[in-house]
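Engineer: coordinates for the following, if possible.
(2 chains)
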Protein chains: 2
Amino acid sequence: MVEEEKDTNTVMNESEGTEENPEDIVSEYTEEQTELEKVEQERDEIQERMLRVQADFDNFRRRTQKEKEMDRKYRSQSLTEELIPVLDNFERALQTEVKEESAQGFVDGMKMVYNQLWSALEKEGVEVISAQGETFDPHVHQAMMQVEEEGYESNVVVDVLQTGYKLNDRVIRPAMVKVNQ
Amino acid sequence: MVEEEKDTNTVMNESEGTEENPEDIVSEYTEEQTELEKVEQERDEIQERMLRVQADFDNFRRRTQKEKEMDRKYRSQSLTEELIPVLDNFERALQTEVKEESAQGFVDGMKMVYNQLWSALEKEGVEVISAQGETFDPHVHQAMMQVEEEGYESNVVVDVLQTGYKLNDRVIRPAMVKVNQ
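Structural biologist: Numbering: from 1, shown residues only, chains lettered A, B, ... in the order given. Predicted structure coming up:
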């Protein structure tokens, strides 16, 4: 038979039991502090990320707005580029001399169409680059020839070989010019 | 003169001071828990706000992309609208009969210019709305007259009074037509 032992220690410790040991609280308190620091750091990181996303969004919006304005301003560029050679040919064709009286109606009709075509382009912001008599400007003029012409100052456009065009301040085709030396 | 006083209390309390009372820790621990919950809530709120901003940004980007494609597709609409009356007048003027042999060069030149103008528009996505012989379609045709014409089925376009134009599937001007009853 085994002898029964009475665990007196258990009995002795019973009085404590329900209450937490102050030392445990201190260690848990430290854990809580660490957890708090961790969550605070997370919060701060997310906050920073949010501010970055917000800033990116704002930048994107501003850039988009600007692009939209530019796109709108130059929306007709592509069609204008196609129409400039049409203008060239139209002008050349209109220079053909037609002597017959009976064909004058036809010629006048064509001149009217030319003016209407030009008005449509002008309405979209297309304009002729001024060149004749102006000081040579490499941003809008292209020098095809250097000449020595009396009565003109140096570096002045003496003659325009091909008309240049701008669309709302953007050069679509520079003016081809003769420049005085 | 003022009498000097010696603060004896200060000296007496000096022995406590450095060590924290366990009861104070328990109450601070509860405060820390509340603080942790507060910060966790802040973190979650910011997280949610960030996700919302991110989603708004994504939507904006998608919408902008779509708008840009549409703007690009119809960028020539404004100039095209101006050029359609030019085409009308050009066609009308070309119908003038010119009998003189010597003026044929001029006439041919003008026909060439007309074709070039039309090519420029076609390149930008402009096309004639087909009408003659087609079933009447109110989306692209505008009925100017109802006629009773033999040899045509009911609701079919018998004649085109004015050419209609589309720009990349968008009707710029409907075709004005005569429709069979």
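Engineer: domains of chain A?
Structural biologist: A:20-72, A:74-180 (automatic domain parsing).
Engineer: so of those, which one's packed in deepest?
Structural biologist: Comparing those on average neighbours per residue, with mean count of other C-beta atoms under 10 Å in any protein chain shown, the densest one is domain A:74-180 at a mean of 16. C-betas here are computed from N, CA, C, even on glycine.
Engineer: thinking again about what came up before, now render the domains of chain A as TSV, adding distance to B:N59 and mean pLDDT.
Structural biologist: As requested, those are exported to TSV (distance: least, C-beta to C-beta, whole Å; pLDDT from 0 to 100):
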stretch	distance to B:N59	mean pLDDT
domain A:20-72	11	87
domain A:74-180	25	94
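Engineer: turn those into a markdown table, including distance to chain B.
Structural biologist: Shown next, in a markdown table, are the domains of chain A (distance: least, C-beta to the nearest C-beta, whole Å):
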| stretch | distance to chain B |
| --- | --- |
| domain A:20-72 | 4 |
| domain A:74-180 | 4 |
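Engineer: now distance to B:P174 too, for the ones you listed, in JSON lines please.
Structural biologist: As requested, the domains of chain A are exported to JSON lines (distance: least, C-beta to C-beta, whole Å):
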{"stretch": "domain A:20-72", "distance to B:P174": "26"}
{"stretch": "domain A:74-180", "distance to B:P174": "20"}
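Engineer: so which of those domains comes closest to B:A175?
Structural biologist: Closest to B:A175 of these is domain A:74-180 (C-beta to C-beta; 21.2 Å).
Engineer: CA atoms of stretch A:38-54 as CSV?
Structural biologist: Taking Å, rounded to 0.1, in the frame of the first residue of the first chain, the C-alpha atoms of stretch A:38-54 are listed here in CSV:
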residue,chain,number,x,y,z
LYS,A,38,4.1,48.5,-32.9
VAL,A,39,0.5,49.6,-33.7
GLU,A,40,1.6,53.3,-33.4
GLN,A,41,4.3,52.6,-35.9
GLU,A,42,1.9,50.8,-38.3
ARG,A,43,-0.5,53.7,-38.0
ASP,A,44,2.2,56.2,-38.8
GLU,A,45,3.4,54.2,-41.7
ILE,A,46,-0.1,53.9,-43.2
GLN,A,47,-0.6,57.6,-42.6
GLU,A,48,2.5,58.3,-44.5
ARG,A,49,1.5,56.0,-47.3
MET,A,50,-1.9,57.6,-47.5
LEU,A,51,-0.3,61.0,-47.8
ARG,A,52,1.9,59.8,-50.6
VAL,A,53,-1.0,58.3,-52.5
GLN,A,54,-3.0,61.5,-52.0
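Engineer: please name the residues that touch A:V113.
Structural biologist: B:86, B:89-90, B:93 (C-beta atoms under 8 Å, 6 or more residues apart in numbering or on different chains).
Engineer: which residue ranges form the strands in chain A?
Structural biologist: A:126-128, A:141-147, A:157-162, A:165-167, A:170-173, A:175-180 (DSSP state E).
Engineer: adding distance to B:V158, write those out as JSON lines.
Structural biologist: Converted to JSON lines, the strands of chain A look like this (distance: least, C-beta to C-beta, whole Å):
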{"stretch": "strand A:126-128", "distance to B:V158": "40"}
{"stretch": "strand A:141-147", "distance to B:V158": "54"}
{"stretch": "strand A:157-162", "distance to B:V158": "48"}
{"stretch": "strand A:165-167", "distance to B:V158": "43"}
{"stretch": "strand A:170-173", "distance to B:V158": "44"}
{"stretch": "strand A:175-180", "distance to B:V158": "51"}
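Engineer: for A:T30, find the nearest of those.
Structural biologist: strand A:170-173 (68.0 Å).
Engineer: so which residue is dead centre in chain A?
Structural biologist: A:E67 (3.6 Å; C-alpha atoms, centre = their mean).
Engineer: ok, and the closest non-adjacent residue to it?
Structural biologist: B:K68 (7.9 Å; C-beta to C-beta, 6 or more residues apart in numbering or on different chains).
Engineer: the one you found contacts A:D71, correct?
Structural biologist: Yes - checked against C-beta atoms under 8 Å, the pair B:K68 and A:D71 is within contact range at 7.5 Å.
Engineer: who does the closest residue to A:Q162 other than its chain neighbours form a beta bridge with?
Structural biologist: Spatial nearest neighbour of A:Q162, excluding adjacent residues (C-beta to C-beta, 6+ apart): A:M176 at 4.0 Å. Beta-bridge pairing for A:M176 (DSSP bridges): A:Q142, A:Q162.
Engineer: helices of chain A, start to end?
Structural biologist: A:8-13, A:22-73, A:77-94, A:104-123 (DSSP state H).
Engineer: which residues touch the third one?
Structural biologist: It refers to helix A:77-94. A:107, A:110-111, A:114, A:117-118, A:121, A:124, A:126, A:162-163, A:165, A:167, A:170, A:172-173, B:75-76, B:79-80, B:106, B:109-110, B:112-113, B:116-117, B:119-121, B:123-124.
Engineer: now with 7 Å, please.
Structural biologist: A:110-111, A:114, A:117, A:121, A:126, A:165, A:167, A:172-173, B:76, B:79, B:106, B:109-110, B:112-113, B:116-117, B:120, B:123-124 (C-beta atoms under 7 Å, 6 or more residues apart in numbering or on different chains).
Engineer: roughly how far out does it sit from the chain middle?
Structural biologist: 28 Å (C-alpha atoms, centre = their mean, to the nearest Å).
Engineer: and the angle for that helix with strand A:157-162?
Structural biologist: Using axes from the mean of the first three to the mean of the last three C-alpha atoms, to 10 degrees, the direction of helix A:77-94 lies 100 degrees away from that of strand A:157-162.
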